[in-house]
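*Asks:* Attaching a predicted model along with its sequence, questions to come.
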Amino acid sequence: MVPLQQQFRNQVNEFVENYPGFRQTSKDVARSIQDAIFARGESGRNVADVLHGKQIGHPLHPILTDITIGSWSLSLVFDIWSFLMRSPSSRKAADRLITLGVLSAVPTALAGITDFSAIKQDAAGHGAVHGMINTLALFFFWRSMKHRSRNYHFSGFLFSTLGLGLMTLSAWLGGELVYERRVGVSHLPEKQVADDWTPVLPDTDLMPNTPLRVEVDEYPILLYRRGNKISAITAQCSHAGGPLEKGSIKDGCVQCPWHQSVFDLTDGHVVHGPATYEQPHYLTRVVDGQIEIRRWRLGMDEYPIENSAVHSQNGQALADQA
Ligand code: FES
């Protein structure tokens, strides 16, 4: 017998794969939402950054779901207790938890929709199914809230139980998006390189204002020369693995070509999401005509690194520091 979760996984996969139109529509909707965010300029991006979770360093949506799912799940416990014990206080607690869940579902949904706007192409269909089930669950909880406010407690209980069933399916699918389809997790390469100074390129091969990707033990590094300074950050975008060397450069930052995350070239920090994880960055110097890099290490190198990640051509000051 096929386990229940495997049956559900198969059904969702079949649905998404058998209906290419649904997949394409999901991608189009995601793109439209992102266009709408970008159309509002810097303020639109700043709001989206908060909803992505840029300021907290990882996605906000899963944190908010804890409040919503926790409230609704706990309401079931109080509901059952109120029926068993005929307890008005438990019933009131259940009603309030349903309301809290509905209220918290609003920012939770906004964060989820914002993440969906920049979802990986191969996960858009599953993300859309997740959103649709959530919407239906929210509808049932909203109906439950209404019924409870009119003292129709039993029908309110039935609606919230239906909502809870849907929410459970959707929460499972949310886990599938993260752990199976790797949405919201870091896409940085796992290994680390350049623990010590490592030559990566003849100095003359790096043109000014032209991003260049080099490989160090198959690890991608983006080099960029501006004036007499050279920056180096990991070239594989932390959001979904996009090639930063193909991105656009502006004001000392690189914008990823896939979903437009913006990273500071000096220290790799996230200027704009959807990325929430910063890019590893490297000190650079030029020795004997070779550009050398060394990984910036927390606690060992100074921060901010304006004086070290970008530097004068001779590299002497950095050689001394090393
Ligand atoms: S891969 Fe998504 S922003 Fe870079």
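*Replies:* That came through, no problem. On a predicted model such as this, the values are computed, not experimentally measured, just so you know.
*Asks:* Strands of the stretch 151-300 of the chain, start to end?
*Replies:* 198-202, 212-216, 219-226, 229-234, 248-250, 253-255, 262-264, 270-272, 281-287, 290-295 (DSSP state E, counting those that start in this stretch).
*Asks:* now those as CSV including mean neighbour count and distance to residue 72?
*Replies:* From N, CA and C alone the C-beta is placed, and that goes for glycine too. Output for those, formatted as CSV (neighbours: other C-beta atoms under 10 Å; distance: least, C-beta to C-beta, whole Å):
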stretch, mean neighbour count, distance to residue 72
strand 198-202, 17, 52
strand 212-216, 15, 47
strand 219-226, 22, 43
strand 229-234, 25, 40
strand 248-250, 12, 43
strand 253-255, 20, 39
strand 262-264, 22, 36
strand 270-272, 20, 32
strand 281-287, 23, 42
strand 290-295, 22, 45
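*Asks:* The ones you listed into a markdown table, with extra columns for mean pLDDT and distance to residue 135?
*Replies:* Output for the strands of the stretch 151-300 of the chain, formatted as a markdown table (pLDDT from 0 to 100; distance: least, C-beta to C-beta, whole Å):
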| stretch | mean pLDDT | distance to residue 135 |
| --- | --- | --- |
| strand 198-202 | 95 | 49 |
| strand 212-216 | 95 | 41 |
| strand 219-226 | 95 | 39 |
| strand 229-234 | 94 | 37 |
| strand 248-250 | 94 | 35 |
| strand 253-255 | 96 | 32 |
| strand 262-264 | 96 | 31 |
| strand 270-272 | 96 | 28 |
| strand 281-287 | 93 | 40 |
| strand 290-295 | 93 | 45 |
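*Asks:* so what's the closest residue to the ligand within the stretch 51-200 of the chain up against?
*Replies:* As assessed by C-beta to the nearest ligand atom, the ligand sits closest to residue 118 within the stretch 51-200 of the chain, at 6.0 Å. Going by C-beta atoms under 8 Å, 6 or more residues apart in numbering, residue 118 touches 30, 34, 52, 239, 259-260, 273-274.
*Asks:* nearest to residue 138, of the strands of the stretch 151-300 of the chain?
*Replies:* strand 270-272 (28.9 Å; C-beta to C-beta).
*Asks:* how about the closest one against the ligand, any contact?
*Replies:* No: counting by C-beta under 6 Å from any ligand atom, the ligand has no neighbours in strand 270-272; the shortest distance is 9.2 Å.
*Asks:* Note down every partner strand of that strand and its orientation.
*Replies:* Strand pairing for strand 270-272, determined by DSSP bridges: strand 262-264 (antiparallel).
*Asks:* how close does the residue of the stretch 51-200 of the chain closest to the ligand get to residue 187?
*Replies:* Residue 118 sits 13 Å away from residue 187, going by C-beta to C-beta, to the nearest Å.
*Asks:* same check, this time on residue 106
*Replies:* 29 Å.
*Asks:* now do residue 95
*Replies:* Residue 95 is 43 Å from residue 187, by C-beta to C-beta.
*Asks:* Between the two, which is the more surrounded one?
*Replies:* residue 95 (23 against 15; other C-beta atoms under 10 Å).
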